[in-house]
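# coords please:
(chains A and B)
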Amino acid sequence: MPLKLEIVTPERLAYSDDVDAVTLPGSEGQLGVLPHHAPLITTLGAGELTIRKGGTEEHFAVFGGFLQVRPDRVVVMAETADLASEIDLERAQDARREAERALETGYHEGADLSSARAALQQALTRIRIAERRHREGPRRRG
Amino acid sequence: MASQREIRRRIGAVQNIKQITRAFQFVAASKLKRAQDSTLAARPYSERIDEVLADLAAVLTGEDHPLLSKRPEVKRLIILITTDRGLAGPLNTNTIRFAAREITDHKGDLAVVTVGRKGRDAMRRARVPVEAHFAGFGDRPSFADILPLARLVSDDYRAGTYDRVDIVYSHFVSTLSQRPTMDPLLPVQPAEDTEGIPGRQFIFEPNPATVLDQLLPRYVATRIYQAVLEAKASEESSRMVAMKNATDSAEELIDDYTLAYNKVRQANITREMIEIATGAQAR
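Numbering: from 1, shown residues only, chains lettered A, B, ... in the order given. Below you'll find the predicted structure:
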């Protein structure tokens, strides 16, 4: 039985296809989902989502949100989801520097420090995944 | 009748106006396309969040979270979404009039949070207390843009500042029709759990209350985001239609002026010919 995977963010449908398996960062630890998984709803952390499909792998950097698993379907409702090959490394580095500066100076434009901390975590996740997965070099943001 | 030169000047003026309104029309048309695309693109997320909320509602009750609890509706808050810029036909007037009816009908305390300059100005004139104002979110509202607004209303509802929050915006029916609409926002009313697997069969990790606690603020933000996107699409389509009408009117006016111009020109030629003829006879 195929497993239908959907990755949605508030702004778009990032991925929708049948896959063999998917591993993703649950808030309670890394999580692997195969077809016939028990129904599950959980919160997501920040990290790498790996899609396995017919011997190939695809990687997304996901950040925050929720996961709904049914035996035949997995829905990832992430705050952001970027395909590894589409992450703009320079932009992520900029975001990281900015967030670090905000944390050092204790001032973050228009928001509190927890959002700067979140931005830093998000930038670090993106950078980690992009550096590991980049083969075609940096491209525009998806 | 106006002189030939005077009419020619007017034709020129109307032609300039026509060029501008036509440009506006095309800009609005392309922005409308983009606004419609983002509205459609945002829909899957919102549907999935609704589903999860319905699943959660099956195992939790209204007492489990302050954003779910219903209270007597004494103090109301209305989020009014309008545009920043004008030249959008009757759109803002309709939305504001719709909100005004709701405001005058309510007997207790009421405040508004406005998105878009037009709504804020109207509320100020009407002396309705404006709790907060958010300048419009540009041509391409992003989810991050509306998070401060979502947090503000959620926090105020939790704190008991308001007992009910509604959102008034212009619903995008089609390019030719936009309808002012009011959607209840808080307390959150989960949909019926009809789709897929019943909520009771799900395992919730770490537990239903924690998931709910994280989900509800997202849900509120998603609802606001949807309304903002709909309002954006309505704005662009309304502006496009208004500008098309203005362009058509300008064309009609140019035709009328051209006719008048030709009449005056003909009259002048005839008069000159008569003058020449009489001049020749007199000699």
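
# got the contact list for residue 78?
No chain in the question, so chain A it is. A:7-9, A:14, A:44, A:62-65 (CB atoms under 8 Å, 6 or more residues apart in numbering or on different chains). The C-beta positions use only the backbone N, C-alpha and C, and glycine is treated the same way.

# I was thinking of chain B, sorry if that wasn't clear
Contacts of residue B:78 (CB under 8 Å, 6+ apart): B:99, B:102-103, B:110-113, B:165-168, B:182.

# Helices - which of those residues land there?
Using DSSP state H, the subset of the contacts of residue B:78 located in helices is B:99, B:102-103.

# Generate a markdown table for those, with pLDDT and distance to residue B:192 as supplementary columns.
Below are the ones in helices among the contacts of residue B:78 laid out as a markdown table (pLDDT from 0 to 100; distance: CB to CB, whole Å):
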| residue | pLDDT | distance to residue B:192 |
| --- | --- | --- |
| B:99 | 89 | 29 |
| B:102 | 87 | 26 |
| B:103 | 87 | 31 |
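
# most surrounded residue in those?
Neighbour counts for those (other CB atoms under 10 Å in any protein chain shown) peak at residue B:99, which has 27 neighbours.

# what bridges to the closest residue to it other than its chain neighbours?
In this structure, residue B:99 finds its nearest non-sequential neighbour in residue B:168, 4.6 Å apart by CB to CB, 6 or more residues apart in numbering or on different chains. Beta-bridge partners recorded for residue B:168 (DSSP bridges): residue B:80, residue B:182.

# ok, residue B:117 - contacts?
Residues counted as contacts of residue B:117 (CB under 8 Å, 6+ apart) are B:82-85, B:135-136.

# Neighbour-wise, which one of those residues leads?
For those, neighbours tallied by other CB under 10 Å; top is residue B:82, 27 neighbours.

# sorry, back to before: pretty sure the residue nearest to residue B:99 contacts residue B:102?
Yes. Because the distance of 6.9 Å satisfies CB atoms under 8 Å, residue B:168 is recorded as touching residue B:102.

# Need the residues touching each of those two.
Here residue B:168 and residue B:102 have B:78, B:182 as joint contacts, going by CB under 8 Å, 6+ apart.

# How about the contacts made by residue 49?
You didn't say which chain, so I picked chain A. A:7, A:22-25, A:59-62, A:76, A:81.

# Chain B, not that one
A:66, A:77, B:215, B:218-219, B:222.

# can you do 10 Å?
Listed by CB atoms under 10 Å, 6 or more residues apart in numbering or on different chains, the contact set of residue B:49 reads A:8, A:10, A:65-66, A:68, A:75, A:77, B:215-216, B:218-219, B:221-223.

# now residue B:60
B:53, B:68, B:190, B:199, B:204, B:208-209, B:211-212.

# one more time with 6 Å, if that's ok
The contact partners of residue B:60, by CB atoms under 6 Å, 6 or more residues apart in numbering or on different chains, come to residue B:208.

# ok, now how distant is it from chain A?
12 Å (CB to the nearest CB, to the nearest Å).

# same question, residue B:150
For residue B:150, the distance to chain A equals 11 Å [CB to the nearest CB].

# what helix or strand does that residue sit in?
Assigned by DSSP states H and E, residue B:150 belongs to helix B:143-159.

# Can you give the contact residues for that helix?
A:10-11, B:66, B:134, B:137, B:162, B:165, B:186, B:217, B:220-221, B:224-225, B:228.

# Any buried residues in the helix or strand of chain B with the lowest mean pLDDT, and which?
Within chain B, no helix or strand scores below strand B:203-205, which has a mean of 84 by mean pLDDT, DSSP states H and E. Residues of strand B:203-205 classed as buried by neighbour count (16 or more other CB atoms under 10 Å in any protein chain shown): B:204-205.

# Give me the next element, helix or strand, following it.
Next along from strand B:203-205, by DSSP H and E: helix B:208-282.

# Give me the nearest residue to the residue nearest in space to the middle of chain A, chain neighbours excluded.
The centre of chain A sits closest to residue A:62, judged by CA atoms, centre = their mean, with a distance of 0.8 Å. The spatially closest residue to residue A:62, leaving aside those adjacent along the chain, is residue A:78, at 4.3 Å (CB to CB, 6+ apart).

# likewise residue A:74?
Using CB to CB, 6+ apart and skipping the chain neighbours, the partner closest in space to residue A:74 is residue A:5 (5.0 Å).

# interface residues of chain A facing chain B?
Taking CB under 6 Å from any CB of the partner chain, the part of chain A that reaches chain B is made up of A:8, A:10-13, A:28, A:39-43, A:66, A:68, A:70, A:75, A:77.

# Just the closest of those residues to residue B:275, please.
residue A:11 (74.2 Å; CB to CB).

# what comes up buried for the longest helix seen in chain A?
Determined from DSSP H, the single longest helix within chain A is helix A:113-133. Buried residues in helix A:113-133, counting neighbours by 16+ other CB under 10 Å, are found at A:115-116, A:118-127, A:129-130, A:133.

# that older thread, include distance to residue B:144 and neighbour count when you put the contacts of helix B:143-159 into TSV, please.
As requested, the contacts of helix B:143-159 are exported to TSV (distance: CB to CB, whole Å; neighbours: other CB atoms under 10 Å in any protein chain shown):
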residue	distance to residue B:144	neighbour count
A:10	9	25
A:11	9	19
B:66	24	17
B:134	13	18
B:137	10	21
B:162	24	24
B:165	21	24
B:186	21	25
B:217	14	15
B:220	15	23
B:221	10	22
B:224	12	24
B:225	10	28
B:228	12	27
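
# per-residue pLDDT, the residue of chain A most remote from its centre?
Distance from the C-alpha centroid of chain A, by CA atoms, centre = their mean, peaks at residue A:105 (28.0 Å). The model reports residue A:105 with a pLDDT of 75.

# mind giving me the domain ranges of chain B?
B:4-12+B:242-282, B:22-240 (automatic domain parsing).

# hey, which of these is tucked in deepest?
Using mean count of other CB atoms under 10 Å in any protein chain shown, the stretch among the domains of chain B with the largest mean neighbour count is domain B:22-240, at a mean of 19.

# got the end-to-end distance for that one?
End-to-end span of domain B:22-240 (CA to CA, to the nearest Å): 9 Å.

# gap between it and the chain center?
12 Å (CA atoms, centre = their mean, to the nearest Å).

# can you check stretch A:84-91 too?
The answer for stretch A:84-91 is 13 Å, by CA atoms, centre = their mean.
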